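Q: Take this sequence and fold it.
(chains A, B, C and D, ligands or ions: 8)
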Number of protein chains: 4
Amino acid sequence: MKILFVGDVVGSIGIKAIETYLPEIKKKVKPQLTIVNGENAAGGKGTKEPDYQKITRAGADVVTGGNHTWDKREILDFIDDPKKNILRPYNFSGENVPGRGFLKIKVNTKEVYVINMQGTALMQPLDNPFIAADKLVAKLDKDAIKFVDFHAETTSEKIAFANYMVGRVSAVCGTHTHVQTNDAQVINKQTAYLTDVGMTGSYDGILGDKKEPIINRFLTQRPNKFDVDEDGRMQIGFAVIDINDQTNNARSIKNYVITPNNQSFLN
Amino acid sequence: MKILFVGDVVGSIGIKAIETYLPEIKKKVKPQLTIVNGENAAGGKGTKEPDYQKITRAGADVVTGGNHTWDKREILDFIDDPKKNILRPYNFSGENVPGRGFLKIKVNTKEVYVINMQGTALMQPLDNPFIAADKLVAKLDKDAIKFVDFHAETTSEKIAFANYMVGRVSAVCGTHTHVQTNDAQVINKQTAYLTDVGMTGSYDGILGDKKEPIINRFLTQRPNKFDVDEDGRMQIGFAVIDINDQTNNARSIKNYVITPNNQSFLN
Amino acid sequence: MKILFVGDVVGSIGIKAIETYLPEIKKKVKPQLTIVNGENAAGGKGTKEPDYQKITRAGADVVTGGNHTWDKREILDFIDDPKKNILRPYNFSGENVPGRGFLKIKVNTKEVYVINMQGTALMQPLDNPFIAADKLVAKLDKDAIKFVDFHAETTSEKIAFANYMVGRVSAVCGTHTHVQTNDAQVINKQTAYLTDVGMTGSYDGILGDKKEPIINRFLTQRPNKFDVDEDGRMQIGFAVIDINDQTNNARSIKNYVITPNNQSFLN
Amino acid sequence: MKILFVGDVVGSIGIKAIETYLPEIKKKVKPQLTIVNGENAAGGKGTKEPDYQKITRAGADVVTGGNHTWDKREILDFIDDPKKNILRPYNFSGENVPGRGFLKIKVNTKEVYVINMQGTALMQPLDNPFIAADKLVAKLDKDAIKFVDFHAETTSEKIAFANYMVGRVSAVCGTHTHVQTNDAQVINKQTAYLTDVGMTGSYDGILGDKKEPIINRFLTQRPNKFDVDEDGRMQIGFAVIDINDQTNNARSIKNYVITPNNQSFLN
Ligand SMILES: [Fe+2]
Ligand SMILES: [Fe+2]
Ligand SMILES: [Fe+2]
Ligand SMILES: [Fe+2]
Ligand SMILES: [Fe+2]
Ligand SMILES: [Fe+2]
Ligand SMILES: [Fe+2]
Ligand SMILES: [Fe+2]
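A: Residues are numbered from 1 along each chain as shown, chains lettered A, B, ... in the order given. Ligands and ions are numbered 1, 2, ... in the order given. Just a heads-up that it's a prediction; the model follows:
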């Protein structure tokens, strides 16, 4: 099983990057499953139904979320639609959280769970993701592949989580920092891991947003309205995970970025 | 001018990684200046004089610091020695902060400022690094190369800082997260940038420390004593920045990691 | 039912304040139940068995905790002893947390639950205390009085919690900030509330600790060892809650501080 | 010199509380100077010119601010008007911060500096307020009274700041937590101190806002729009500081709250 995972899509330019590059990438990679984090698709914060539709139409099978999932109220109009493969972090507390934190999808004859989990270090105090994952994995089908989009801030929580889940899930791929890391590895020959897959959207902005307001916020510590850098050049961050369908162990994980200055993947 | 920059050395195993790999790397890269972040050399927290000596004896010209600089009181015994090229973050507040936040070093006929700066987003409230850098750079020699080790947590503050300093310093290289990022670039053909150069020490631990206590802290939220993973296999994270001595603009920046599974740099 | 609640006992001087004032206060108030927060009794951080013994011998029926509960490992030697009425915050995650987060105590013929809960705003990410309290209260005996020591940082989380629990518990008294607030009230004629009951220990220090290291930490942002201000003059912060045993609604709550400058309670 | 200090005015109901109670309070207290924190006057976040005008027309001589000062852009229309006695926290970084962080006002023949300072513990990383205060006080007229509105989150930073400034300013009164504390004191017979003066606005809400959205935010950790509880009953929190004009030492400080249940001050 080859899984293609694409990092946080930021704004319309992020969706355009998906539409531009995803078909080509899929042609090369030939993944059986394509997962895209869409928490920033709607103007940088949240995901509206048209965003979801464009991302899936361009080739995503599942769209994951993060701390920004709820920023646009319109998510509530479709996040509970069982026909839509959209996730929000699993470990929001309480019984009646809208949407789903994981889903099972059949890929040919093999079943894959896609799980979305959020960290709590230097973030909101959701349910402990380590314990939430313990409980969740215990009740899932043992024979299915399990892929986790772990949306978290700190490197320590991300690596600790992956090491904690070693042998219990096939892959832990980080999102949220919007910068791809260079530490792809298969831990213990079992679980593919990458601290962050990086961002999809403007190459010229700051994490997808226009530069000036972000610089000004750090400079002044006064409020600045952030806007997606819709006029920048495009980039896309992604990873390819190869999993042994017999053992559910990862064979390999490789991370890539396509930027204006680095189109080597496409050649 | 070629500068070699090596990320946070963690514990004795980190120093051993420096002693093992730095001479070989230098033979290949032939840098004119070698800078190593040493904030975690003393048992994972702080830097003692023997650590400084081993790191410089292995080939470092300058040792930089970060939020852990002060964790071992012994730093106070040598941080003010003008013959020692050790830095602490420049933007600690007040008049009488021990040590130096930058230094000037002569490399053949060219002068280079090495500057150590710390972020404040999701970290301690030091002086605003953007404003501190403004004031500092204004009073430094315009003709000298300026290299910044920006020790910070969030990707947004790091990228924003680099973009703010574009054209005013030759390079901004991030440290602190201990995971190397995959976004090396020369911004605007002027300033080399890498969000984080990564860590030097145990490949098998979590950011250089033993796995179990860190996992247990996340799992229990109760205190756990962290120890350096001194028995792991080694890794070293570094970057090579090439700077035009005429213009002080960066020509290129490349990031590398040597791990047990990836020795390609050495071949 | 009259409950006497005493805020965070800091160090040996805090225990001495308990030994000095608690008997006198009890003589005046005649409470049926006395609860003392002891998270800082052992040198300012944690609670050892002798601390527990001194506090109970001086008149406490139950000793509660907080974020510092685990700071001294010796807590593990007695926190699981069913004969000891010591609590730690209920909402630490996981199945095998040492100790208890609540207990039931019989006062004459009336039963009282004492519950210890910790906030998560600007603190560690424990389980959501609102949801934890929902679940806990649902399984407790409806006819018993319920008293909550809510150990939290922000005023907003404390007031929100009390309002959320209105009519379901008889009292919510805050601890952790070490400064008594002036907002005692019975919300909706049902639930007694006080944002913080304040601290018991040195009147002359800063929240019970020596002044200089704390000032120096803010001034320098470098590490400073904190010590209990054992040589100061004593203060004790407490509240008296009167509860209707028939309805379990609070009738009144009053807060008091005895300091060197304010001994009016004792006259 | 008697100074009357009133805590954070929240929304139109807060302004109405000012208009209702301030004249009566002033008639009783007969202060020579009245200072009101207005950072939440405009719909709970920020201060617009009409808010400023209503607050001053009702009897305030100076309006101070805090972290919410900048939330309504309209502040920029009048914060630099030298005829308007409006302050923002002094220690925002940089040279060109709009508005003023302190002002000098002549009260009969005595001069008083009103200083607005913001903490950085668990808040934004502004300039270190301890060092900022050092530098500021050094350049102010020694013979003038100095009053500080210290807008901060943690009790430790507030008490540490007051102790650091003892003998150098006449009063440090805290704001920001919206809950009045019960620790008014004159430190070392020199500097009046109160950790927080509390809030002015709805008695029935949570810190001035409607209850439901705040409870829901803690319960769900999802975004909830906060609204001022404009329909609640009113409260006002304030302190009266008496300062010796000869020595500039405080003689006394007393804190008060007027609520629907506690009108004793007015009788
Ligand atoms: Fe994102
Ligand atoms: Fe995110
Ligand atoms: Fe480090
Ligand atoms: Fe660090
Ligand atoms: Fe405490
Ligand atoms: Fe505490
Ligand atoms: Fe406020
Ligand atoms: Fe505030």
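Q: ok and the residue in the stretch 1-150 of chain A nearest ligand 6?
A: Nearest residue of the stretch 1-150 of chain A to ligand 6, counting by Cβ to the ion: residue A:125, 16.0 Å away. No exception for glycine: its C-beta is placed from N, CA and C like everyone else's.
Q: hang on, that residue packs against residue C:119?
A: No: if you go by Cβ atoms under 8 Å, residue A:125 and residue C:119 don't touch, sitting 9.0 Å apart.
Q: So for those two, which sits in the more crowded spot?
A: Neighbour count, other Cβ atoms under 10 Å in any protein chain shown: between residue A:125 and residue C:119, residue C:119 has more, with 28 against 20.
Q: The more buried one and residue A:67, how far apart?
A: 20 Å (Cβ to Cβ, to the nearest Å).
Q: mind checking pLDDT for the residue in chain A that ligand 3 sits nearest to?
A: Residue nearest to ligand 3 within chain A: residue A:155 (10.4 Å; Cβ to the ion). pLDDT for residue A:155: 98.
Q: Tell me how many other residues surround it.
A: Using other Cβ under 10 Å, residue A:155 has 25 other residues around it.
Q: how about the residues of chain A near ligand 2?
A: A:66-67, A:176 (Cβ under 5 Å from the ion).
Q: Tell me the bridge partners for the closest residue in space to residue A:159 that isn't next to it in sequence.
A: The spatially closest residue to residue A:159, leaving aside those adjacent along the chain, is residue B:206, at 4.9 Å (Cβ to Cβ, 6 or more residues apart in numbering or on different chains). Beta bridges link residue B:206 to residue B:209, judged by DSSP bridges.
Q: how close does the residue nearest the centre of chain A sit to residue D:79?
A: Nearest to the geometric centre of chain A sits residue A:37, at 3.5 Å (Cα atoms, centre = their mean). Computed as Cβ to Cβ, the residue A:37 to residue D:79 distance reads 41 Å.
Q: Same question for residue A:263.
A: 50 Å.
Q: try residue A:254
A: From residue A:254 to residue D:79 the distance is 54 Å (Cβ to Cβ).
Q: before we move on, back to that, separation between the residue nearest to the centre of chain A and residue A:68?
A: 10 Å.
Q: for residue A:90, same thing?
A: 16 Å.
Q: Residue A:255 too?
A: Residue A:255 is 22 Å from residue A:68, by Cβ to Cβ.
Q: do residue A:118 as well
A: Counting by Cβ to Cβ, the gap from residue A:118 to residue A:68 is 11 Å.
Q: out of these two, which sits in the more crowded spot?
A: Neighbour totals were compared for residue A:118 and residue A:68, and residue A:118 leads with 28 against 22 (other Cβ under 10 Å).
Q: Setting the sequence-adjacent residues aside, check what's closest to the more buried one.
A: residue A:89 (3.6 Å).
Q: Just the pLDDT at the one you found, thanks.
A: The score at residue A:89 is 98. That number is its pLDDT.
Q: Compute the number of surrounding residues for it.
A: Count around residue A:89 with other Cβ under 10 Å applied: 29.
Q: Provide a list of residues in contact with it.
A: Under the criterion of Cβ atoms under 8 Å, 6 or more residues apart in numbering or on different chains, the neighbours of residue A:89 are A:65-67, A:69, A:101, A:116-118, A:126, A:151.
Q: and with 6 Å instead?
A: Contact analysis of residue A:89 by Cβ atoms under 6 Å, 6 or more residues apart in numbering or on different chains lists A:116-118.
Q: Now do the buried residues in stretch A:41-60.
A: By neighbour count on 16 or more other Cβ atoms under 10 Å in any protein chain shown, the buried set for stretch A:41-60 is A:41-49, A:51-52, A:54-56, A:58-60.
Q: chain center to stretch A:136-149: distance?
A: 17 Å (Cα atoms, centre = their mean, to the nearest Å).
Q: partners of residue A:241 in the sheet?
A: Applying DSSP bridges, one finds that residue A:241 bridges with residue A:3, residue A:253.
Q: burial measure for the closest residue to residue A:205 other than its chain neighbours, as a count.
A: In space, residue A:205 comes closest to residue A:229 once its chain neighbours are excluded; the distance is 2.9 Å by Cβ to Cβ, 6+ apart. Residue neighbour count, defined by other Cβ under 10 Å, stands at 24 for residue A:229.
Q: Identify the residues contacting residue A:229.
A: Per Cβ under 6 Å, 6+ apart, neighbours of residue A:229: A:202, A:205, A:209-210.
Q: which of these has the most neighbours?
A: residue A:205 leads those on contacts (other Cβ under 10 Å) with 28 neighbours.
Q: Hmm, residue A:232 and that residue touching each other?
A: Yes: assessed by Cβ atoms under 6 Å, residue A:205 is found in contact with residue A:232 at 5.2 Å.
Q: and the gap between residue A:239 and residue B:189?
A: Note on residue A:239: its distance to residue B:189, by Cβ to Cβ, is 29 Å.
Q: Which one's more surrounded, the two?
A: residue A:239 (25 against 12).
Q: just checking, what packs against the top helix by length along chain A?
A: Scanning chain A for the helix with the most residues, using DSSP state H, yields helix A:11-29. Contacts defined by 3 or more Cβ pairs under 6 Å, 6 or more residues apart in numbering or on different chains; DSSP states H and E place helix A:11-29 against strand A:201-202, strand A:234-243.
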